[in-house]
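# Attaching a predicted model along with its sequence, questions to come.
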Amino acid sequence: MRAALMFEAGDVRIEEVPDPRIEQPTDAVVRILRSCICGSDLWPYGSLPHTDTGRRMGHEALGVVEDIGSEVATVRRGDVVIVPFVWSDGTCEFCREGLQTSCRHGGSWGGTHFNGLQAEAARVPQADGTLVSVPVAEDSALLPSLLSLSDVFSTGHHCAVTAGVGPATTVTVIGDGAVGLSAVLAAKRLGAERIILMGRHTARTDLGVEFGATDVVAERGEEGVAKVRELTGGDGTHTVLECVGLENAIETAFGVVRDGGTVSRVGAPQYAVVPMDFRVFLRNITLTGGVAPARAYLPELLPDILEGRIEPGRVFDRTVDLVGVPAGYRAMADRDALKVLIRP
Ligand SMILES: [Zn+2]
């Protein structure tokens, strides 16, 4: 079968790789219907040192179960399933607590040791704990939104939930990428009435407004902080959803959070130190967030998509086949595409 491999920064190729097959009785093999390129794929795309073997890419997918191991009980051949961005057994203490990203028998896609999901098919370990069947056809118009539960929308939701967003909280979302826009939609879904979106790409912030943002702040840095404070009577917002991962974004987050408030970060941090110094101590700020346990949120979020109340799949603004994946990476890196859907 064919799959996407990255050989070094800027070099993604589609190559023949071995077909996935059942290796453990708890495995499933899934034919990929839809995958996508993640903002986090752009970090290696900008910096990966050369590798002769290539690195398998992709960690978000939705597909059809083609084969199952002898111990798999919750999914059947022919099921359309969501593949969350980590696999998990569903039975250990962490999984039972809803933190599948720390599963004792879990793992993640891609790299040099395991298959990635930007491919025609994949072996899914711990199929019972990982996969979620959805009652839709292989050509359903809901596929993009269902795919978003595999990572991007679940990550935005995790950011809002860990920040404590609800009807009584004001929200600032930092970043108008696909995760930031997902965080806006998640905050709106949780009842937030005031959602300030910090971003400067109008095509993206326009979608943010449709998702529920009440204000857009295009300024960055100190100017951006001043603008958000001006909009909030000088105080800042109760919650800040940091969806970028760069140092200036986390600094802005501490600048716009209200005293006693919460900063949640879900952008993969490209910084080593968070400025939680004495000044922040005096303001009683909570820092939370982290990698999202997408699997934990699926039962809660699925009905809203199946019943048409939310459409997080609107973050996909370009569709490619496998051959188009290298161009898809380029388009996202050039900020020419917001998020690229792959239809292998
Ligand atoms: Zn587990």
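That came through, no problem. Numbers count the residues shown, from 1 in each chain.
# which element follows the helix or strand where Ala187 lies toward the C-terminus?
For Ala187, the enclosing helix or strand under DSSP states H and E is helix 178-189. Using DSSP H and E, the helix or strand that follows helix 178-189 towards the C-terminus is strand 194-198.
# re earlier: show me the contact partners of the helix holding Ala187.
Contacts to helix 178-189, defined as C-beta atoms under 8 Å, 6 or more residues apart in numbering, come from residues 39, 148, 152-153, 155-157, 159-161, 165, 171, 173-175, 195, 197, 199, 204, 207-208, 211-213, 239, 241, 243-244, 266-267, 304, 309-310, 312, 315, 338-339. C-betas here are computed from N, CA, C, even on glycine.
# ok, which residues in the stretch 101-250 of the chain are in contact with the ion?
Proximity of the stretch 101-250 of the chain to the ion (C-beta under 5 Å from the ion) is limited to residues Cys103.
# Is Gly224 part of a helix or strand, or is it coil?
Classification of Gly224 by DSSP: H, G, I helix; E, B strand; the rest coil places it in helix.
# List the residues that contact the nearest residue to Met276 once chain neighbours are set aside.
Excluding the flanking residues, the one nearest Met276 by C-beta to C-beta, 6 or more residues apart in numbering is Leu287, at 6.3 Å. Going by C-beta under 8 Å, 6+ apart, Leu287 touches 262-265, 274, 276.
# Among those, name the buried ones.
Among these, those classed as buried by 16 or more other C-beta atoms under 10 Å are 262-265, 274.
# Show me where the chain dips below the pLDDT cut-off.
The model of the chain has pLDDT under 70 over residues 112-113.
# Mind jotting down where the helices sit in it?
Assigned by DSSP state H, the chain shows helices spanning 42-47, 93-96, 127-130, 143-148, 152-163, 178-189, 202-211, 221-231, 247-256, 278-282, 294-306, 325-333.
# Pull up the gap between the residue nearest the centre of the chain and His238, please.
Closest to where the C-alpha atoms of the chain average out (C-alpha atoms, centre = their mean) is Val152, at 2.5 Å. Distance, Val152 to His238, by C-beta to C-beta, to the nearest Å: 24 Å.
# Over to Glu23?
For Glu23 relative to His238 (C-beta to C-beta), the value is 48 Å.
# if you count what's nearby, which of those two comes out ahead?
Taking other C-beta atoms under 10 Å, Glu23 and His238 do not tie; His238 has more neighbours (23 against 11).
# which ones are touching that one?
Counting by C-beta under 8 Å, 6+ apart, His238 touches 164, 168-171, 257-258, 260-262.
# In strands only, show me the residues you listed.
Residues from those lying in strands, with DSSP state E as the criterion: 170-171, 257-258, 260-262.
# What about those residues, which one has the most neighbours?
Ranking these using other C-beta under 10 Å puts Val171 first, with 29 neighbours.
# Isn't that residue up against Gly191?
No. Between Val171 and Gly191 there is no contact under C-beta atoms under 8 Å: 10.4 Å.
# between these two, what contacts are shared?
Common contacts of Val171 and Gly191 (C-beta under 8 Å, 6+ apart): Val165.
# for stretch 127-135, the distance to its chain's centre please.
Mean C-alpha position of stretch 127-135 versus that of the full chain (C-alpha atoms, centre = their mean, to the nearest Å) differs by 18 Å.
# actually stretch 158-176, not the one I typed
16 Å.
# quick one on the thing from earlier: from the contacts of Leu287, which is closest to Glu8?
Arg265 (28.5 Å; C-beta to C-beta).
# Could I get the contacting residues of that closest one?
Shown in contact with Arg265 (C-beta under 8 Å, 6+ apart): 159, 242-243, 245, 250, 253, 287-290.
# Go again with 7 Å.
Residues near Arg265 by C-beta atoms under 7 Å, 6 or more residues apart in numbering: 242, 250, 289.
# and the gap between it and Val152?
Counting by C-beta to C-beta, the gap from Arg265 to Val152 is 16 Å.
# quick one, strands of the stretch 1-150 of the chain?
In the stretch 1-150 of the chain, the strands defined using DSSP state E, counting those that start in this stretch lie at 2-8, 11-16, 28-36, 55-56, 61-68, 80-83, 86-87, 107-108, 121-124, 132-133.
# Let me have those strands in JSON lines, extended by mean neighbour count and distance to Met332.
Output for those, formatted as JSON lines (neighbours: other C-beta atoms under 10 Å; distance: least, C-beta to C-beta, whole Å):
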{"stretch": "strand 2-8", "mean neighbour count": "22", "distance to Met332": "13"}
{"stretch": "strand 11-16", "mean neighbour count": "15", "distance to Met332": "11"}
{"stretch": "strand 28-36", "mean neighbour count": "25", "distance to Met332": "10"}
{"stretch": "strand 55-56", "mean neighbour count": "21", "distance to Met332": "17"}
{"stretch": "strand 61-68", "mean neighbour count": "22", "distance to Met332": "17"}
{"stretch": "strand 80-83", "mean neighbour count": "25", "distance to Met332": "20"}
{"stretch": "strand 86-87", "mean neighbour count": "24", "distance to Met332": "22"}
{"stretch": "strand 107-108", "mean neighbour count": "14", "distance to Met332": "20"}
{"stretch": "strand 121-124", "mean neighbour count": "24", "distance to Met332": "21"}
{"stretch": "strand 132-133", "mean neighbour count": "18", "distance to Met332": "26"}
